[in-house]
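Trainee: Quick one, fold the following:
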Amino acid sequence: MDQHSQSNKDKERVNDKKLLVLSWDIATNPKLYRELAQNPYSHKARQIVLEKFPDESISNTIRAVILAEPEGIYDRNFRDLREAAQIEELQKQSNRSIAVNKHFIYYCKEHKKELRLLPKDVVYNILSLAIFEAIDTKEIELRYSQKQRRDFKLSLINFIEGTDTIALSKKKFIRKRPLLIATFAVPTLMLLIYITQQHINNTTHPQTKKQAAVVEVHDKNKGFPMRLKIPSINVDAAVEYVGVTSKGAMDVPINTIDVGLFKFGAYPGETGNAVIAGHYDGETGKPGVFANLNELKKGDKLYINYANGISLVYVVRESRLYDPGFSKDVFSVSNGNHLNLITCDGVWDAGKKSYSKRLVVFTDIAQ
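Mentor: Alright, predicted model coming up:
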């Protein structure tokens, strides 16, 4: 080994030791860890790092935060399993890791150019959602083991640090939020940007009394609206919670009688556009829950009911037909309180197995 290589090895060992010490300092301070772990690239986290670790680089501190990842509910539940169940769960973990890694590699390769244009805190949220299908740390700890979380997040950090995204300077900065556009069959990146932006939007805008009441409902019932009622077209449907398909489109309900609330967006009563989809018909041609959605008129009312009896009233503003494709009006971030209903319309295309149009009914919360 030449002198230069030996010198690099020595520097790596010193850096690794410093990283472990830094990680221990963070791990033994749960409050500090939580403040940094939600998004270590956020403005708040960056200010904490500069205050508490002024002599450390931001990237090194962020890696230390990841190494400080604690055990979660998943890990504690795993220990309570019997040996045979643990072996079965370990196989599931392995399969899940392979699938996530494959998706992550493909996703980063496919969208590297677009991600390079975004601030690192936004990229972190987008990639976290792509990997974990969640942003909230507690939800992630419930579904993934400590080792999986560490490995996935370190891969995420390595990608961000190795990509020429907008740099984090140590000076105070102000940036505008990126433009958000989404579709019914939207590219995954754009829908994930919308999701993360909606998450930020709901934490930075003041609430009305009506919205505050809904937040209280969310706390008591885990944020779950239970039924959608539209008396004028005889709809009384259970609410499912749908996410994003592997192709990047908003998913649909599992049957033709329920409706699907986009779980990564605003919920009814929150600031923004809540989005609910329902089938026009089924495979046999039997009418679906939204078969008569086109009959809604301006001023018609619909109701979102929660488990504890609270009901939100929305009023129809207008209806529009869209071609499948871009539709910023439906998903884009809004300062108002809206609920948008989506179903199919137009002519059935047997080759594409899809209708030619999308009907969207725009509604506003009753004042």
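Trainee: how about residue 52, phi and psi?
Mentor: Phi and psi for residue 52, reported as degrees, to the nearest 10, are phi -90, psi -30.
Trainee: what's the burial count for it?
Mentor: Using other C-beta atoms under 10 Å, residue 52 is surrounded by 15 other residues. All C-beta spots, glycine's among them, are computed from the backbone N, C-alpha and C.
Trainee: Which secondary structure state does the residue nearest to residue 318 when sequence neighbours are not counted sit in?
Mentor: Of all residues not flanking residue 318 in the chain, residue 362 sits nearest, at 5.3 Å (C-beta to C-beta, 6 or more residues apart in numbering). In three-state terms, and counting by DSSP: H, G, I helix; E, B strand; the rest coil, residue 362 is strand.
Trainee: from memory residue 362 sits against residue 336, does it?
Mentor: No - taking contacts as C-beta atoms under 8 Å, residue 362 lies outside contact range of residue 336: 10.5 Å.
Trainee: Mind checking which of those two has more residues around it?
Mentor: In terms of neighbours (other C-beta under 10 Å), residue 362 is the more surrounded of residue 362 and residue 336; the figures are 18 against 9.
Trainee: Quick check: the more buried one vs residue 330, distance?
Mentor: 8 Å (C-beta to C-beta, to the nearest Å).
Trainee: still on that earlier bit, next up, the contacts around the residue nearest to residue 318.
Mentor: 316-320, 329, 338, 340 (C-beta atoms under 8 Å, 6 or more residues apart in numbering).
Trainee: ok, back up a step: quick one: common contacting residues for residue 362 and residue 330?
Mentor: Common neighbours of residue 362 and residue 330 (C-beta under 8 Å, 6+ apart) are residue 340.
Trainee: Select the helix or strand of the protein having the lowest average pLDDT value.
Mentor: helix 209-221 (a mean of 44; mean pLDDT, DSSP states H and E).
Trainee: could you point out which element follows it?
Mentor: Following helix 209-221 in sequence order, the next helix or strand is strand 225-230 (DSSP states H and E).
Trainee: Export that next one to PDB, keeping only CA atoms.
Mentor: C-alpha atoms of strand 225-230 as PDB (Å, rounded to 0.1, in the frame of the first residue of the first chain):
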ATOM      1  CA  PRO A 225     -63.500  10.000   7.600                       C
ATOM      2  CA  MET A 226     -65.800   7.000   7.400                       C
ATOM      3  CA  ARG A 227     -68.500   7.700   4.800                       C
ATOM      4  CA  LEU A 228     -69.400  10.000   1.900                       C
ATOM      5  CA  LYS A 229     -73.000  10.900   1.300                       C
ATOM      6  CA  ILE A 230     -74.500  12.700  -1.700                       C
END
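Trainee: State the mean pLDDT of it.
Mentor: Across strand 225-230, the average pLDDT comes to 90.
Trainee: What pairs with that strand, parallel or antiparallel?
Mentor: strand 235-242 (antiparallel), strand 301-306 (antiparallel) (DSSP bridges).
Trainee: Buried residues of that strand, list them for me.
Mentor: Going by neighbour count (16 or more other C-beta atoms under 10 Å), the buried part of strand 225-230 is 225, 227-228, 230.
Trainee: Looking at strand pairing, list the partners for residue 241.
Mentor: Beta-bridge partners for residue 241, by DSSP bridges, are residue 261.
Trainee: thinking it is in contact with residue 261, fair?
Mentor: Yes - here residue 241 reaches residue 261: they are 5.7 Å apart, a contact under C-beta under 8 Å.
Trainee: When those two are compared, which one has more neighbours?
Mentor: Using other C-beta under 10 Å, the more surrounded residue of residue 241 and residue 261 is residue 261, with 23 against 15.
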